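Peer 1: sequence and computational prediction follow.
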Amino acid sequence: MKLQIDDMAHYLDYDEIIDFGFNPQCTLTKLANEILTFSKDEIDCIKNTFEYVRDKIFHSADIQGQSVTCKASEVLLAKEGICFAKSHLLAALLRCNQIPTGFCYQRLILNDEMAPCFVLHGLKAVYVERFDKWVRLDARGNKLRISTPFSLERENLAFEIRPEQGEEDTPIIFATPDRNVIRALENSKNLETLWSNLPTELHCVY
């Protein structure tokens, strides 16, 4: 994995999507502070934040939800989102606590039998200062045959890449969410529309 931008400050930024910095009194900022308060150190804060988003924020497909969320604050308010949206919230919570995070993507087959087409899947990359390394985390959410326990030693992702099927990792840690991802989320009024508009490739690969 390589960084899209070498300057680490970009991996702490907020914007309209990773929107923790616009209101210090917002629910998102308060939650980040709460998690930090009951965490014993940086690694525990990363673990607690990841597990909150993985377990407390539902994947919209798993609950047959109707909300299409994108901004981190929207995801927290609705308590649901697809993989990209959940990664936006995870980034906002960690960056609020000054833990650098980036965005990673896989290109996977949506469903081998029902929908054999390629779509993107969103992951988080988190910088662990104590070990001076980046680790990827998948906050998609656990369900039958999908389990992503927190680990700094072993990468536990929701889906295993199958190169023989054309699936692939993009070996870049992006500082901001991909534009195609944002466009799909913002332009879909409901999940039915979103499933038809899921991004199939990244806007730009460096």
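Peer 2: Looks like it came in fine.

Peer 1: what ranges of this structure fall below the confidence cut-off?
Peer 2: 112-115, 206 (pLDDT under 70).

Peer 1: just say helix, strand or coil for the residue most central in space within it.
Peer 2: Central residue of the chain (CA atoms, centre = their mean): residue 87, 1.7 Å from the mean position. Following DSSP: H, G, I helix; E, B strand; the rest coil, the label given to residue 87 is helix.

Peer 1: can you pull out the strands in this protein?
Peer 2: 2-3, 58-59, 80-81, 101-111, 115-128, 133-137, 168-174 (DSSP state E).

Peer 1: may I have the beta-bridge partners of residue 169?
Peer 2: residue 106 (DSSP bridges).

Peer 1: what residues does it make contact with?
Peer 2: Residues in contact with residue 169 (CB atoms under 8 Å, 6 or more residues apart in numbering) are 104, 106, 161. Just so you know, the C-beta spots here come from the backbone N, C-alpha and C atoms, and that holds for glycine as well.

Peer 1: ditto for residue 166
Peer 2: 107, 109, 118.

Peer 1: relative to residue 124, which of the contacts of residue 169 is nearest.
Peer 2: Within those, proximity to residue 124 (CB to CB) peaks at residue 104, which comes in at 7.0 Å.

Peer 1: what about that closest one, neighbour count?
Peer 2: Using other CB atoms under 10 Å, residue 104 has 22 neighbouring residues.

Peer 1: cool, and residue 179?
Peer 2: Neighbours of residue 179 (other CB under 10 Å): 12.

Peer 1: with adjacent residues omitted, what lies nearest to it?
Peer 2: residue 203 (4.0 Å; CB to CB, 6 or more residues apart in numbering).

Peer 1: these two touch, right, the one you found and residue 177?
Peer 2: No - between residue 203 and residue 177 there is no contact under CB atoms under 8 Å: 9.8 Å.

Peer 1: before we move on, the earlier item: return the most buried member of the strands of the chain.
Peer 2: The highest average neighbour count among those, using mean count of other CB atoms under 10 Å, belongs to strand 80-81 at a mean of 26.

Peer 1: what's in contact with stretch 14-31?
Peer 2: So stretch 14-31 is contacted by 32, 52, 70-73, 76-77, 88-89, 91-93, 95-96, 176-177, 182 (CB under 8 Å, 6+ apart).

Peer 1: tell me how far residue 18 lies from residue 162.
Peer 2: 31 Å (CB to CB, to the nearest Å).

Peer 1: including distance to residue 39, could the contacts of residue 166 go into JSON lines?
Peer 2: Below are the contacts of residue 166 laid out as JSON lines (distance: CB to CB, whole Å):
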{"residue": "107", "distance to residue 39": "34"}
{"residue": "109", "distance to residue 39": "37"}
{"residue": "118", "distance to residue 39": "38"}
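
Peer 1: ok, so of these, who is nearest residue 150?
Peer 2: Nearest to residue 150 among those, with distances taken as CB to CB, is residue 107, at 24.6 Å.
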